[in-house]
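In: give me coordinates for this.
(2 chains)
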2 protein chains.
Amino acid sequence: MSSDSWKTLSSETILDHSKYLSVEDRTVQLPNGRIIEKWPWVITPDFVNVVAVTEQGKFLCFRQTKYALDGLSLALVGGFIDKGENPMQAAKRELLEETGHEASDWVHLGSFRVDPSRGVAMASLFLARNAKRVADPTCDDIEEQEMLELSRNEIEAALDSGELKIVAWVTAVALALRHMDA
Amino acid sequence: MSSDSWKTLSSETILDHSKYLSVEDRTVQLPNGRIIEKWPWVITPDFVNVVAVTEQGKFLCFRQTKYALDGLSLALVGGFIDKGENPMQAAKRELLEETGHEASDWVHLGSFRVDPSRGVAMASLFLARNAKRVADPTCDDIEEQEMLELSRNEIEAALDSGELKIVAWVTAVALALRHMDA
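Out: Residues are numbered from 1 along each chain as shown, chains lettered A, B, ... in the order given. All right, here's what the predicted structure looks like:
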């Protein structure tokens, strides 16, 4: 914890909804000494997203509905990190479950906070290249989803036209393309 | 509302913390007819982030501490959308308040959901070019922040090395660079 970081002086759970959401009221101290009470802190599970590219250079995506979205979105492989997993393990598990693929070339694109003040979750983003089908998908997500294999041009067009509707998905694709071009 | 979208059948506020956070329990129906009760929905204010580039081609950023981060992060102009504002108006106001700059060339890079299932907020991201100092900053944010003018090479290095620690900030910079190169 850096000396530039805020301190947490106390914390009280004010909503314990489920494994998907809890909320705490915290008393926090800024680096300049100022103290703020009743600072809300939102806890949802940390998650991963994976930009998966096949041996043939195709980007594995889904067309999917999500509750927070109007209509279909292009979506990435991803999900919550299970207890005992690190982000890379979760990314490999989600890729296999959701697409039946394994990949030989993994890059951690970064881990970023969802919200600078309320926390919410950490998003860990990966690029998985040389992905190869080794099994049938076994995903038990509640959403129905159609798997797509997009060309580089198609995923760039989707990125630029707003077809990826979630901040972390846009980030993952944009960072993956930067990495592939570097 | 598309027929591919989920439906909200009912909604009950279970936490009314402040203008910064409330939580609802919702009963939702998937496009396939399945009904799920007690679906948590998190409401925090919609916000904007702005990648501001001066007439001299410098990127206006801050070094800033945030509660959810360990240590300093490179940060962008940004803030909550006030009542009665649209995202572009909020972006122009935040740029003026936080940096004392106005810009003549604005691009809406996109508006994205923070969380695909819980909602949380909409993030509207902008590129503002030809920014020019017209006033002193009047920002009353609780965080102390140091304003920086980064070169294109410096902001690219910051992006690639993880110095931007929040998902929306990474997205805004990555999309802004794509737009400037298009």
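
In: elements contacting the biggest helix by length in chain A?
Out: Ordering each helix of chain A by length in residues (DSSP state H) puts helix A:167-181 first. With contacts taken as 3 or more C-beta pairs under 8 Å, 6 or more residues apart in numbering or on different chains; DSSP states H and E, helix A:167-181 sits against strand A:47-54, strand A:72-75, strand A:101-115, strand A:119-133, helix A:152-160, strand B:101-115, helix B:167-181. Using the backbone N, CA and C atoms, a C-beta is placed for each residue, glycine as well.

In: which one of those has the lowest average pLDDT?
Out: Among the helices and strands packed on helix A:167-181, strand A:72-75 carries the lowest mean pLDDT, a mean of 92.

In: what helices or strands is that strand leaning on?
Out: In terms of contacts (3+ C-beta pairs under 8 Å, 6+ apart), strand A:72-75 is packed against strand A:59-65, helix A:167-181.

In: now that strand, how far from the centre of its chain.
Out: Relative to the chain's own centre, strand A:72-75 is displaced by 14 Å; criterion: C-alpha atoms, centre = their mean, to the nearest Å.

In: run through who's touching that strand.
Out: For strand A:72-75, the external contacting residues (C-beta atoms under 8 Å, 6 or more residues apart in numbering or on different chains) are A:61-66, A:145, A:148, A:158, A:163-166, A:169, B:2, B:4, B:116.

In: at 6 Å what do you get?
Out: For strand A:72-75, contacts defined as C-beta atoms under 6 Å, 6 or more residues apart in numbering or on different chains pick out A:61-65, A:158, A:163-165, B:4.

In: what's the PyMOL syntax to select whichever of those residues are buried?
Out: The PyMOL selection below is limited to those of the contacts of strand A:72-75 classed as buried (16 or more other C-beta atoms under 10 Å in any protein chain shown):
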select buried, chain A and resi 61+62+64+65+158+163+164+165
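
In: can you give the domain ranges for chain A?
Out: As assigned by automatic domain parsing, chain A contains the domains A:7-43, A:47-181.

In: let me know whether the shortest one sits next to chain B.
Out: Yes: looking at domain A:7-43 against chain B by C-beta under 6 Å from any C-beta of the partner chain, the contacts come from A:15, A:17, A:21, A:28, A:31, A:40.

In: lowest pLDDT pick from the residues you listed?
Out: A:Pro31 (87).

In: that residue: what secondary structure?
Out: The three-state label for A:Pro31, taken from DSSP: H, G, I helix; E, B strand; the rest coil, comes out as coil.

In: tell me who's in contact with it.
Out: A:Pro31 makes contact with A:4, B:65, according to C-beta under 6 Å, 6+ apart.

In: pLDDT score for the most far-flung residue of chain A relative to its centre?
Out: For chain A, the largest distance from the centre (C-alpha atoms, centre = their mean) belongs to A:Gly33, which lies 33.7 Å off. Here, the pLDDT recorded for A:Gly33 equals 91.

In: okay, now the closest residue to A:Asn32 other than its chain neighbours: neighbour count?
Out: Once flanking residues are discounted, A:Asn32 sits nearest to B:Glu144: 6.2 Å by C-beta to C-beta, 6 or more residues apart in numbering or on different chains. Look at B:Glu144: counted by other C-beta atoms under 10 Å in any protein chain shown, it has 14 neighbours.
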